[in-house]
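S.K.: got a structure for you, letters missing:
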Ligand code: SF4
């Protein structure tokens, strides 16, 4: 399974594509591609968003569903989704329940 | 310190205006990311994992209070309230928005700072001994030469598209605190028998994927020839350095493949054609730059000794800080202070906006308005009257920056690693934090003595792991972080590259492994005066391997 991620052009913040084709600041509820057709669809949305100057550095990433929630397979992507594992008082990593145990 | 002249200021202002226009056009969609990327990189703007990152140059690590306050202001207004001081004596911001970059760069320009040449295949920020101008053991202040190199290399038309980035470091003391032998060019300022100033010139050092110790290609280069000789080296490199393979493009590979002798011959031949030309530094220009770096008027403050004796009796922790973080100054009534950015369990090199502001206040009040950033990711007050040390210490305690661990095992260098860096293969900061907490006891740290532990989150080695007495390199193996240990590296005048000790350790094993290494050292050292590095050089890897892996061999 894959989801689409990028960084927003204006502020560089990591974003994920939601089912309504809008970019969100959370990986939760991202639009899942379960097959090649789904991946193609996400890729074309990504290309459009890049051309549109909404986002940069667009990538399809591998995810799995753990306890009903999306969990990126690579550590790098889990850290992008959950925020740095340091300075836990700031940013998205400051949420009351950590998104992942990294 | 150096002050911008009209030319410098108008150049930096023009660059801010130019980049502001480029950002505006990018945000308006008039230029594509492919077109914009090289432009933003030329202005120090990277895209990392979570956001953009801005790298601001701190020339040879020298700042005044006003500049430090501006760095604090930027951290507060445009970032999340902190900045990260790096092993290149620079500062990085982890969270600035692209749309704010023009405002940030304009703020920086207002205090004579910028982010130009902090990226790209050009000559990067010239680094220098952080005790320059203060150190008791220095022949002369290396910063005037670093400043001349800065002016010469700024948007140098011939050297803006080198095969790869290029780093120059300068030291003015026998004791090398600037790691000059692991730079593309290392300059060691010294005096010849006639008392004239000049340089021993080292070329082709570097870390990264292929660590190399620089070769000394000249024992004494008169100061007036510094630019012509540097130009000769850069020309030989620019012409012959490899552009076919990014991993083989640094000058260290050219030196290695050409051989030091042949490369020296080529440099000398090029230099013969240049040395009597316009690059020869006129005596009066040299002395004019020197004047910018004249030490402050250090009035006699002989009351320091008595004051310190009393203060020591009064406060044990002050005494410990004095012993660890304060070094001898040229002037007997003064001292240079290391402000540790390595609080126990903190992220190495990070400082908050209010800490930066407080350091600026202290520097203004007690430190002649001078601050340095060290490549070891600490801040330095180079000139403090010994009589004022207690007051400085008390202020540092208030802002949690009085950790007495300079040069001890918790004074760890760590790059941003996988918490921020897009190139990383593993995290660095949490490893540093855990080791720091494990060795939190100052009794224990002091008993262990000088130990330089350095951590990089990938093979690029920004965390200098190759020259750590203990180096840790984080890699990715089968989707997990794995940490390789090297031992016996050193970045001083006895530079050596650490040796990989054996298989790597998982993130939950690495701190134990470090403790095993330290305990092995303690068990084998002749006495307390034999530092970790000396003991390793005497013993070799065997006892450490035995301690780390013997159980496995038996089990297998
Ligand atoms: S060593 Fe690697 S992970 Fe660390 S800052 Fe450099 S590039 Fe990033």
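M.R.: Great, that's in hand. Since we're looking at a predicted model, the values are computed, not measured.

S.K.: contacts for the helix or strand hosting residue B:76 next, please.
M.R.: Using DSSP states H and E, the element containing residue B:76 is helix B:65-78. The contact list for helix B:65-78, computed with Cβ atoms under 8 Å, 6 or more residues apart in numbering or on different chains, reads B:56, B:63, B:81-83, B:91, B:93, B:95-97, B:100, B:103-104, B:107-108, B:110-113, B:352-354, B:356-357, B:359-361, B:363-364, B:369, B:371. C-beta here means a position set from N, CA and C on the backbone, and glycine is covered the same way.

S.K.: do the helix or strand harbouring residue B:437 and chain A meet?
M.R.: Per DSSP H and E: residue B:437 is located in helix B:429-438. Yes - Helix B:429-438 lies within reach of chain A by Cβ under 8 Å from any Cβ of the partner chain, at B:429, B:430, B:433.

S.K.: quick one: pLDDT of the most centrally placed residue in chain A?
M.R.: Taking Cα atoms, centre = their mean, the centroid of chain A lies closest to residue A:16, which sits 3.4 Å from it. Note on residue A:16: pLDDT of 98.

S.K.: and the gap between the nearest residue to it once chain neighbours are set aside and residue B:422?
M.R.: Once flanking residues are discounted, residue A:16 sits nearest to residue A:30: 4.2 Å by Cβ to Cβ, 6 or more residues apart in numbering or on different chains. Distance of residue A:30 to residue B:422, given as Cβ to Cβ, to the nearest Å: 20 Å.

S.K.: compare neighbour counts for those two and give me the winner.
M.R.: Taking neighbours as other Cβ atoms under 10 Å in any protein chain shown, residue A:30 and residue B:422 compare with residue A:30 leading, 24 against 16.

S.K.: my guess is that one contacts residue A:1. True?
M.R.: No - between residue A:30 and residue A:1 there is no contact under Cβ atoms under 8 Å: 10.2 Å.

S.K.: mutual contacts of these two, please.
M.R.: With Cβ under 8 Å, 6+ apart as the test, residue A:30 and residue A:1 both reach residue A:63.

S.K.: what's around residue B:261, how many residues?
M.R.: 10.

S.K.: narrow the contacts of helix B:65-78 to those in helices?
M.R.: Of the positions in the contacts of helix B:65-78, B:103-104, B:107-108, B:353-354, B:356-357, B:359-361, B:363-364 sit in helices, assigned by DSSP state H.

S.K.: export these as TSV, with columns for pLDDT.
M.R.: Converted to TSV, the ones in helices among the contacts of helix B:65-78 look like this (pLDDT from 0 to 100):
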residue	pLDDT
B:103	98
B:104	98
B:107	98
B:108	98
B:353	98
B:354	98
B:356	98
B:357	98
B:359	98
B:360	98
B:361	98
B:363	98
B:364	98
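
S.K.: among those residues, which one sits closest to residue B:9?
M.R.: The nearest member of these to residue B:9, counting by Cβ to Cβ, is residue B:108 at 12.1 Å.

S.K.: follow-up on the earlier one: out of the contacts of helix B:65-78, which end up buried?
M.R.: B:56, B:63, B:82-83, B:91, B:93, B:95-97, B:100, B:103-104, B:107-108, B:111-113, B:352-353, B:356-357, B:359-361, B:363-364, B:369, B:371 (16 or more other Cβ atoms under 10 Å in any protein chain shown).

S.K.: ok, and of those, which contact chain A?
M.R.: Contacts with chain A within the buried ones among the contacts of helix B:65-78, counted by Cβ under 8 Å from any Cβ: B:82, B:95, B:96, B:97.

S.K.: need the contact list for the residue of the stretch 251-400 of chain B found nearest the ligand.
M.R.: Nearest residue of the stretch 251-400 of chain B to the ligand (Cβ to the nearest ligand atom) works out as residue B:349 at 11.0 Å. Residue B:349 is in contact with B:84, B:85, B:86, B:341, B:377, B:378, B:413, B:414, counting by Cβ under 8 Å, 6+ apart.

S.K.: could you pull out the strands for the stretch 351-500 of chain B?
M.R.: Along the stretch 351-500 of chain B, counting by DSSP state E, counting those that start in this stretch, strands occupy B:371-373, B:379-385, B:413-414, B:453-456, B:470-477, B:480-487, B:499-500.

S.K.: right, and those - which one's nearest the ligand?
M.R.: Checking the strands of the stretch 351-500 of chain B against the ligand by Cβ to the nearest ligand atom gives strand B:453-456 as the closest, at 4.0 Å.

S.K.: list the buried residues for the closest one?
M.R.: Of all the residues in strand B:453-456, those buried under the rule 16+ other Cβ under 10 Å are B:453, B:454, B:455, B:456.

S.K.: and for stretch B:29-44?
M.R.: By neighbour count on 16+ other Cβ under 10 Å, the buried set for stretch B:29-44 is B:31, B:33, B:36, B:37, B:39, B:40, B:42, B:43, B:44.

S.K.: just the ones next to chain A among the buried ones among the contacts of helix B:65-78: which are in strands?
M.R.: Among these, the members found in strands (DSSP state E) are residue B:82.

S.K.: redo the ones next to chain A among the buried ones among the contacts of helix B:65-78 as a markdown table? Include pLDDT.
M.R.: Formatted as a markdown table, those follow (pLDDT from 0 to 100):
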| residue | pLDDT |
| --- | --- |
| B:82 | 97 |
| B:95 | 97 |
| B:96 | 98 |
| B:97 | 98 |
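
S.K.: quick check: the farthest pair among the ones next to chain A among the buried ones among the contacts of helix B:65-78?
M.R.: Using Cβ to Cβ, these span at most 16.1 Å, a distance reached by B:82 and B:97.

S.K.: next one, pLDDT for the residue of the stretch 201-350 of chain B found nearest chain A please.
M.R.: With Cβ to the nearest Cβ as the measure, residue B:347 is the residue of the stretch 201-350 of chain B nearest to chain A, at 5.2 Å. Residue B:347 carries a pLDDT value of 98.

S.K.: mind listing what the spatially most central residue of chain B touches?
M.R.: The centroid of chain B falls nearest to residue B:375 when counting by Cα atoms, centre = their mean (2.1 Å). Shown in contact with residue B:375 (Cβ under 8 Å, 6+ apart): B:61, B:87, B:88, B:89, B:127, B:130, B:178, B:179, B:464.

S.K.: need the strands for chain A, in chain order.
M.R.: Here chain A has its strands, by DSSP E, at A:2-8, A:14-17, A:23-24, A:55-66, A:69-72.

S.K.: and the shortest one with chain B, contact?
M.R.: It stands for strand A:23-24. No - on the criterion Cβ under 8 Å from any Cβ, strand A:23-24 is out of touch with chain B, staying 14.3 Å away.

S.K.: show me what that strand is packed up against.
M.R.: For strand A:23-24, the packing partners by 3 or more Cβ pairs under 8 Å, 6 or more residues apart in numbering or on different chains; DSSP states H and E come out as strand A:14-17.

S.K.: who does the strand it packs on pair up with?
M.R.: Within its sheet, and counting by DSSP bridges, strand A:14-17 is paired with strand A:2-8 (antiparallel), strand A:23-24 (antiparallel).

S.K.: much appreciated, bye for now.
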